[in-house]
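Enquirer: fold the following and give me the result.
(6 chains)
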Number of protein chains: 4
Amino acid sequence: MLYIDVMSRTPVYEQIIEQMEKLISAGILKEGEQLPSVRALSLELSVNPNTIQKAYGELDSKGIIGSVPGRGCYVMPGACDILKSIAKGKLPELQALAQTLMAAGVTREEIIRAIDECTHTVPVKEETK
Amino acid sequence: MLYIDVMSRTPVYEQIIEQMEKLISAGILKEGEQLPSVRALSLELSVNPNTIQKAYGELDSKGIIGSVPGRGCYVMPGACDILKSIAKGKLPELQALAQTLMAAGVTREEIIRAIDECTHTVPVKEETK
Amino acid sequence: MLYIDVMSRTPVYEQIIEQMEKLISAGILKEGEQLPSVRALSLELSVNPNTIQKAYGELDSKGIIGSVPGRGCYVMPGACDILKSIAKGKLPELQALAQTLMAAGVTREEIIRAIDECTHTVPVKEETK
Amino acid sequence: MLYIDVMSRTPVYEQIIEQMEKLISAGILKEGEQLPSVRALSLELSVNPNTIQKAYGELDSKGIIGSVPGRGCYVMPGACDILKSIAKGKLPELQALAQTLMAAGVTREEIIRAIDECTHTVPVKEETK
DNA sequence: GTGGTCTAGACCACA
DNA sequence: GTGGTCTAGACCACA
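Expert: Residues are numbered from 1 along each chain as shown, chains lettered A, B, ... in the order given. Just a heads-up that it's a prediction; the model follows:
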């Protein structure tokens, strides 16, 4: 269900958070649905339970999942809305990056083209490739 | 000339690198021009000389500045081109961010609007404000 | 009769205790009256019988209900008085909370207003019922 | 500076959080000021560094302190405002408690008296300080 | 020196 | 079985 890149610079617990959030935003993990248990996921990913706990803890404190001792962790109702508004909160970060690039001489068009490239993974119209 | 934010999470040496690079891209520090000495900058910013050394070292290894033992550091000819191509190398990072935002439901238009906002600080045309 | 919130962080058996106690304090379950059986309530709430057992056990050990093996559980005479004195025993908890809030700058008036708000659900004057 | 009650039911890391927050709200730890380091506090309180880390991590994610790797942790500007608004967010909890007490027969007056008792540690009249 | 991440493993309350 | 807390201790980047 999840994939961990041990060599990556981004911490394991963040990789887990990111992937869980994508699964939820994509509707693969639905609101109200139960997540794999800390121990189960720890075994599946060969990662220490504490690391899973940390990831789940952060998702919980964001209000995206609710963790109920003795029963498990669940996707909270409203999780998708929260995720979208958190995402909007990251626009300034993207703005900062864009500004840096443009300060170095990259043009607006080059930036937008890059965004469109990575984004139109799904064909838009007649790609006669 | 430079400003260090001690509370910031980005390491001091990176703050220095970023600002130096902006000064060079903007043509404020011209190619061939001499940089402040490690000691001078360390005093001016109240920062450990090692930290300045590290920033200059990285700029040097990128080929943006050249340091001549005994005489000082100079902006290398071609520095601006290097900076632009490094900037282009950061496009994937921006793509990753954009993808994350769109996965969470932020639209292409919201993203482009954000980029334009932060970017058109310089008046474009008739601002009848 | 009772409602269980599976997503809640307060344990199921405590939810049952709280609601039973409210029913008794409110006089809906009168002293001497019989409670639903462990099995019946377990089915009605889709909850493990052990959990009901635990809730009833705690009510029993507080002296609020009495369980007669083979015949069922009954609200004890004097239950309301016990509940009131237990409630008074929780005043320190409320004091602690109030102190925390005031330490953070919330005023006495804001606190009292909040208490009055949530409390005056029942009309204050002339109950010509 | 801090006191840990090992026998308490409230987790050590929460005791640390609560006390730090009180010190900040009270102005004893001022905004911008540096906190004791993770290791120093861990030694002083005879508590595992991870536990301190967890406490500091939560304060950081609330925006009350900022922790800068390699340099230390600082009280963030605006910390007191955040603490007050968090405190206001706890009013519903206090309302719930008050409702429970009143449902069991405790009167409004008994509750307010309790709050005043614990609260008037500071003399009420003529502070000719 | 500073904070951050992670593993290994114990023990707890709760279901 | 579930999640939560904590210790002991390693290793990392950064100042």
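
Enquirer: tally of neighbours for the residue of chain A found nearest chain C?
Expert: Relative to chain C, the nearest point of chain A is A:G66 (5.4 Å; C-beta to the nearest C-beta). Yep, even glycine has a C-beta here, placed from its N, CA and C like the rest. Look at A:G66: counted by other C-beta atoms under 10 Å in any protein chain shown, it has 21 neighbours.

Enquirer: pLDDT averaged over the helix or strand containing it - what is it?
Expert: Taking DSSP states H and E as the criterion, A:G66 maps to strand A:65-68. Averaged across strand A:65-68, the pLDDT comes to 93.

Enquirer: is that strand up against chain D anywhere?
Expert: No - between strand A:65-68 and chain D, judged by C-beta under 8 Å from any C-beta of the partner chain, nothing touches; the nearest distance is 15.1 Å.

Enquirer: dump that strand to CSV, restricted to CA.
Expert: C-alpha atoms of strand A:65-68 as CSV (Å, rounded to 0.1, in the frame of the first residue of the first chain):
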residue,chain,number,x,y,z
ILE,A,65,-7.2,11.0,11.3
GLY,A,66,-8.5,10.2,14.7
SER,A,67,-6.7,7.6,16.7
VAL,A,68,-8.6,5.8,19.4
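
Enquirer: now do whichever helix or strand comes after that strand: which elements does it pack against?
Expert: For strand A:65-68, the succeeding helix or strand toward the C-terminus, using DSSP H and E, is strand A:72-75. Counting by 3 or more C-beta pairs under 8 Å, 6 or more residues apart in numbering or on different chains; DSSP states H and E, the packing neighbours recorded for strand A:72-75 are helix A:49-61, strand A:65-68.

Enquirer: for chain B, which of the ones you listed is the nearest?
Expert: Chain B sits nearest to helix A:49-61 of all the helices and strands packed on strand A:72-75, at 13.8 Å, using C-beta to the nearest C-beta.

Enquirer: for that closest one, buried residues please.
Expert: Across helix A:49-61, burial judged by 16 or more other C-beta atoms under 10 Å in any protein chain shown covers A:T51, A:I52, A:Q53, A:K54, A:A55, A:Y56, A:G57, A:E58, A:L59, A:D60.

Enquirer: ok, now stretch A:21-28?
Expert: A:E21, A:K22, A:L23, A:I24, A:S25.

Enquirer: same check on stretch A:91-100?
Expert: Per 16+ other C-beta under 10 Å, stretch A:91-100 contains these buried residues: A:L91, A:L94, A:Q95, A:L97, A:A98, A:T100.

Enquirer: so the residue nearest to the fourth one when sequence neighbours are not counted versus DNA strand F, what's the distance?
Expert: Pointing back at A:L97 there. Using C-beta to C-beta, 6 or more residues apart in numbering or on different chains and skipping residues adjacent in sequence, the residue nearest A:L97 is B:L94, 5.1 Å away. Distance, B:L94 to DNA strand F, using C-beta to the nearest atom of the strand, to the nearest Å: 20 Å.

Enquirer: ok, B:L94 - contacts?
Expert: By C-beta atoms under 8 Å, 6 or more residues apart in numbering or on different chains, the contact set of B:L94 is A:L94, A:L97, A:A98, A:L101, A:I111, A:A114, A:I115.

Enquirer: what separates it from B:E21, distance-wise?
Expert: Going from B:L94 to B:E21 by C-beta to C-beta, to the nearest Å gives 17 Å.

Enquirer: can you report phi and psi for the residue positioned nearest the centre of chain A?
Expert: Of all residues in chain A, the one closest to the mean position by C-alpha atoms, centre = their mean is A:E18, 2.7 Å from it. The phi and psi values for A:E18, taken as degrees, to the nearest 10, are phi -60, psi -40.

Enquirer: and if you look at the one 10 residues further on?
Expert: Dihedral angles of A:I28 (phi, psi; degrees, to the nearest 10) stand at phi -80, psi -40.

Enquirer: okay, how far is it across stretch A:40-57, tip to tip?
Expert: 16 Å (C-alpha to C-alpha, to the nearest Å).

Enquirer: show me how chain A divides into domains.
Expert: A:12-83, A:90-119 (automatic domain parsing).

Enquirer: from the chain's centre, how far out does the first one sit?
Expert: Relative to the mean C-alpha coordinate of its chain, domain A:12-83 is positioned 11 Å out (C-alpha atoms, centre = their mean, to the nearest Å).

Enquirer: hmm, that domain touching DNA strand E?
Expert: Yes - on the criterion C-beta under 7 Å from any atom of the strand, domain A:12-83 is in touch with DNA strand E at A:V12, A:Y13, A:E14, A:V47, A:N48, A:P49, A:N50, A:T51, A:K54, A:P69, A:G70, A:R71.

Enquirer: burial measure for the first one, as a count.
Expert: For A:V12, the count of nearby residues is 18 (other C-beta under 10 Å).

Enquirer: surely the residue of chain A closest to chain C touches A:G78?
Expert: No - under the criterion of C-beta atoms under 8 Å, A:G66 makes no contact with A:G78, lying 10.8 Å away.

Enquirer: how near is the closest residue to chain D within chain A to D:G57?
Expert: As assessed by C-beta to the nearest C-beta, chain D sits closest to A:S61 within chain A, at 6.6 Å. To D:G57, A:S61 is 10 Å away according to C-beta to C-beta.

Enquirer: one step back: between the domains of chain A, which one is closest to C:K30.
Expert: Closest to C:K30 of the domains of chain A is domain A:12-83 (C-beta to C-beta; 33.4 Å).

Enquirer: that older thread, can you add distance to B:G105, secondary structure and pLDDT and give the buried residues of stretch A:21-28 back as a markdown table?
Expert: A markdown table is the format used below for the buried residues of stretch A:21-28 (distance: C-beta to C-beta, whole Å; DSSP: H, G, I helix; E, B strand; the rest coil; pLDDT from 0 to 100):
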| residue | distance to B:G105 | secondary structure | pLDDT |
| --- | --- | --- | --- |
| A:E21 | 11 | helix | 96 |
| A:K22 | 11 | helix | 96 |
| A:L23 | 14 | helix | 96 |
| A:I24 | 11 | helix | 97 |
| A:S25 | 6 | helix | 96 |
